[in-house]
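Enquirer: Okay, here's the prediction I keep looking at, along with the sequence it came from:
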Amino acid sequence: MLDTDPRVTEMTQATFPGKPADVEALNAATYSIMNVMGGGDSDNQNPFFWWEVMSDNCFGSGGLQDNKVKSLHHLVEMSVDQYEEPFKLLYGGIQRANNTIETIDNVPWKENEKTRRNQLLGEAYFMRGLYNLWLTQLFGDVPLITSTTVTEEMEQEVSAEEVIYPQILSDMVSGMNLMSTEKSSGHANKFVAESFIARAYMFWAGFYKNVSELASGSAPAISLVEQEGCTAASLSQADVVNYLKDVVANGGYKLCEDFRSLWQYSNSLLWDEAQDGEGHAYAFIKDMKRENCFDMPGMGNGNTEEIFQIQFMNASSWDIGGAYNAQRMYSNYISVFWGLRNGASNQNGDRNLTYPFNQGWGQGTPSCNIWDDWTAAEKAGNYEDLRKKASLIDLDNELVGYTYEKDDCEESGYSVKKYAEVNLDACEANNDTWWSKCEGYNSSSLANKMQGDHFEDFYLMRYSDVLLMLTELTGDAQYMNQVQKRAGVPETAYSLKAVQDERRWEFAFEGIRFNDMRRWTGNNPTESSYAPKALQAQKGKQIVCLGQKGNKRTMEHMTCSWAERYIATNGFVAKPQKQINLMDGKLTQNPGWDASDPKTQYKVLY
């Protein structure tokens, strides 16, 4: 009771941070931006969801009024400020990281605290680099803010290729050299930085430098910015390979034995219901080893292949306010958006009809394309890929009574199984989630389990990504073969096509596909380039709209064609007009987003 804080009441940069715990608080605030993006309304601010909907993996779908998600799918906009939220959030995260970088030595660090100091500084550098990576992948050329005091020069839009990516990779290199190898739940470490250096470098080399096949070793080095932790003049492809090999040799990560262990539908409570012979049973996981279930040690959240993730907890609230917060930011809200649409019939989510999968918004449903392309690959290779049915729900054949709702559209007959809402017979109601039966659960923070109780980590980097990046960078198939072996598919020799397919199958619905497509396309696309061609293949697919399963429609683009819209925009979204106005001419709109052009504007189709 005698403990006091002797600092002045008002916290300023001169007095705060004043002790190590203050820096940790700043760090937590920087990380929390990821929760806002991963836990808020996904059609408004979750770029990981956006990048799946914008790819050939998903249709827009959802209810007739769900125009945001359909505009993403058709690469148009419904309003000139539609894409503003992540623009503000990411700059907010950058500002918080800058604050830590600038003020960390306000703390009188003791000699035995220098390792802790370096770790916290490394995390700030890494997170600044990560937020700038996402910012530029969304918006392209933007201002580069490297200080809490924003100078007039910093307000100027600069080249992502020539100015921002060197800073991104310098920040990640600083993080790599300052952070330790110790794993701390939810925090970055050296291996996280090494993994993301590869992802950022590969996007820069592929998209901006047009090196679509990296195994040739022809990608150029990128210049680096000298700063604490980063003293090298440049970063080469060979450096990136060495960093990934360090993750493999020294990171201690390994693939889970069973791919299904990564996803919450394999939880032991559901597995037990499959074994007991009473009530319903989910046959797809019945053959799993119980020790491989999602909630067993080494599986699920915190599993052996999880390198970096967004974590969630039971702390959402309808009363959360503030510029960089969201009401449901501590719930993995992507589960709600990919949940089975429950419309007027009120049937989807009923355990007698769709056990074990629960109701949600039914937005961003899988495209016919991913199922058809995957099935064609299986037939060509005479194998069955476990990951297909581990990633997608075949609604007509896997669920007893799925209902095609009258207020739904662009339905393919499939739903996302990864991150899907899961119920149990043991739950009290149809709209509960299995989490309510987990040890330590008390009550829903939102008093609405369907919206508030989703605590599955959202994976940002898995060990399988390190392995596949290594094969793509080196042409050495041994790394890819480990991923193929885990999936039970034939182990193949290296080819770019093999890597492209493996990445699509392994990371379906994890927010990676669209930017993979972009880097294999380069920044001068034509209709025959990878992304435009793949996106245009959606045209002509048969879809269910308005519940009319017996009278399917043909998928058509909203205003022109997917290929035309991709080529016009190069995969960037529109910069928010409000921010362009605030910047008074220092920020310019991206090509392909002239609001006076009807091809850019949302049009009601259903």
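Expert: Ah, there it is.
Enquirer: Could I get the contacting residues of the nearest residue to Ala498 once chain neighbours are set aside?
Expert: Nearest residue to Ala498, sequence neighbours excluded (C-beta to C-beta, 6 or more residues apart in numbering): Thr492, at 5.1 Å. Quick note: C-beta positions are derived from backbone N, CA and C, even for glycine. Residues near Thr492 by C-beta atoms under 8 Å, 6 or more residues apart in numbering: Ala477, Met480, Asn481, Gln484, Ala498.
Enquirer: Which pair of those residues spans the longest distance?
Expert: Distances among the contacts of Thr492 were taken as C-beta to C-beta; the most separated pair is Asn481 and Ala498, at 10.1 Å.
Enquirer: Neighbour count for the two, which is higher?
Expert: Set side by side, Asn481 and Ala498 show more neighbours around Asn481, with 19 against 16, by other C-beta atoms under 10 Å.
Enquirer: Would you check that the more buried one makes contact with Pro490?
Expert: No - Asn481 lies out of contact with Pro490 (C-beta atoms under 8 Å); the separation is 9.5 Å.
Enquirer: Just the pLDDT for Gly277.
Expert: With respect to pLDDT, Gly277 has a value of 80.
Enquirer: Give me the neighbour count for the residue lying closest to Ser444 once chain neighbours are set aside.
Expert: Nearest residue to Ser444, sequence neighbours excluded (C-beta to C-beta, 6+ apart): Gly452, at 4.8 Å. Per other C-beta under 10 Å, the neighbour tally for Gly452 reads 26.
Enquirer: Any figure for the gap between Gly452 and Tyr330?
Expert: Distance of Gly452 to Tyr330, given as C-beta to C-beta, to the nearest Å: 9 Å.
Enquirer: next one: Trp338
Expert: Distance, Trp338 to Tyr330, by C-beta to C-beta: 18 Å.
Enquirer: Which of the two has more residues huddled nearby?
Expert: Neighbours per residue (other C-beta under 10 Å) separate Trp338 from Tyr330, with Trp338 holding more: 28 against 25.
Enquirer: Which strands or helices does the lowest-mean-pLDDT helix or strand in the chain pack on?
Expert: Least confident element among the helices and strands of the chain, by mean pLDDT, DSSP states H and E: helix 42-45 (a mean of 77). Packing contacts for helix 42-45, counted by 3 or more C-beta pairs under 8 Å, 6 or more residues apart in numbering; DSSP states H and E, involve helix 67-73, helix 84-103, helix 334-337.
Enquirer: With mean neighbour count and mean pLDDT added, can I get those helices in TSV?
Expert: Below are the helices and strands packed on helix 42-45 laid out as TSV (neighbours: other C-beta atoms under 10 Å; pLDDT from 0 to 100):
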stretch	mean neighbour count	mean pLDDT
helix 67-73	25	96
helix 84-103	21	97
helix 334-337	26	94
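Enquirer: want to try CSV for these, with distance to Ile285 as columns?
Expert: Formatted as CSV, the helices and strands packed on helix 42-45 follow (distance: least, C-beta to C-beta, whole Å):
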stretch, distance to Ile285
helix 67-73, 29
helix 84-103, 35
helix 334-337, 18
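Enquirer: Now Phe136: closest residue in space that isn't a chain neighbour?
Expert: In this structure residue 136 is Thr, not Phe. Spatially, and ignoring its direct neighbours in sequence, Thr136 is nearest to Ala160 (4.2 Å; C-beta to C-beta, 6+ apart).
Enquirer: ok, that neighbour - how many residues close by?
Expert: Neighbours around Ala160, by other C-beta under 10 Å: 24.
Enquirer: Please apply the same query to Trp318.
Expert: 12.
Enquirer: Over to Met555?
Expert: For Met555, the neighbour count with other C-beta under 10 Å is 21.
Enquirer: what do you get for Glu152?
Expert: Neighbourhood size, Glu152 [other C-beta under 10 Å]: 7.
Enquirer: now swap in the one 10 residues further on and tell me
Expert: The local packing count at Glu162 equals 12, with neighbours defined by other C-beta under 10 Å.
Enquirer: Mind listing what's buried along the lengthiest helix in the chain?
Expert: Longest helix of the chain, by residue count under DSSP state H: helix 114-139. By 16 or more other C-beta atoms under 10 Å, the buried positions in helix 114-139 come out as 116-139.
Enquirer: chain center to stretch 367-382: distance?
Expert: 24 Å (C-alpha atoms, centre = their mean, to the nearest Å).
Enquirer: again, but for stretch 257-271
Expert: 20 Å.
Enquirer: Pull that stretch out as PDB, backbone CA atoms only.
Expert: Provided in PDB are the C-alpha atoms of stretch 257-271 (Å, rounded to 0.1, in the frame of the first residue of the first chain):
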ATOM      1  CA  GLU A 257       1.500 -34.100 -37.800                       C
ATOM      2  CA  ASP A 258      -2.100 -33.600 -38.900                       C
ATOM      3  CA  PHE A 259      -3.100 -30.500 -40.900                       C
ATOM      4  CA  ARG A 260      -6.500 -30.500 -39.200                       C
ATOM      5  CA  SER A 261      -4.800 -29.800 -35.800                       C
ATOM      6  CA  LEU A 262      -4.400 -26.200 -36.900                       C
ATOM      7  CA  TRP A 263      -8.200 -25.500 -37.000                       C
ATOM      8  CA  GLN A 264     -10.700 -25.300 -34.200                       C
ATOM      9  CA  TYR A 265     -13.200 -27.800 -35.700                       C
ATOM     10  CA  SER A 266     -10.700 -30.500 -34.600                       C
ATOM     11  CA  ASN A 267     -11.100 -29.700 -30.900                       C
ATOM     12  CA  SER A 268     -11.200 -32.600 -28.400                       C
ATOM     13  CA  LEU A 269     -14.800 -31.800 -27.200                       C
ATOM     14  CA  LEU A 270     -16.100 -32.200 -30.800                       C
ATOM     15  CA  TRP A 271     -13.800 -35.300 -31.200                       C
END
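Enquirer: please renumber so the chain begins at 518
Expert: Yes, from this point I'll number from 518; that puts the last item at stretch 774-788.
Enquirer: what's that stretch in contact with?
Expert: Stretch 774-788 has contacts (C-beta under 8 Å, 6+ apart) with 773, 799, 801-803, 805-807, 809-813, 816-817, 820, 822, 873-874, 903-904, 907, 934-937, 939, 941, 943, 951, 954-955, 973, 976, 979, 1003-1004.
Enquirer: repeat for stretch 594-613
Expert: Residues outside stretch 594-613 that contact it (C-beta under 8 Å, 6+ apart) are 543, 546-547, 550-551, 553-554, 557, 561-562, 564, 584-585, 588, 644-645, 648-649, 651-652, 655-656, 662, 665, 840-841, 1090-1096, 1110, 1112, 1117-1119.
Enquirer: let's go with 6 Å and repeat that
Expert: Where contact means C-beta atoms under 6 Å, 6 or more residues apart in numbering, the residues beyond stretch 594-613 that reach it are 546-547, 550, 553-554, 561-562, 564, 584, 588, 645, 648, 651-652, 662, 841, 1090-1091, 1093-1095, 1112, 1119.
Enquirer: List buried residues within those.
Expert: Among those, the ones that count as buried by 16+ other C-beta under 10 Å are 546-547, 550, 553-554, 561-562, 564, 584, 588, 645, 648, 651-652, 662, 841, 1090-1091, 1093-1094, 1119.
Enquirer: Assign a three-state SS to Thr529, would you?
Expert: Thr529 falls in the coil class when you classify it by DSSP: H, G, I helix; E, B strand; the rest coil.
Enquirer: Any idea how many residues pack against it?
Expert: Other residues near Thr529 come to 9 when the count uses other C-beta under 10 Å.
Enquirer: Next: Thr1071.
Expert: By the criterion of other C-beta under 10 Å, Thr1071 has 9 neighbours.
Enquirer: and Lys896, how many neighbours?
Expert: Neighbour count of Lys896, defined by other C-beta under 10 Å: 10.
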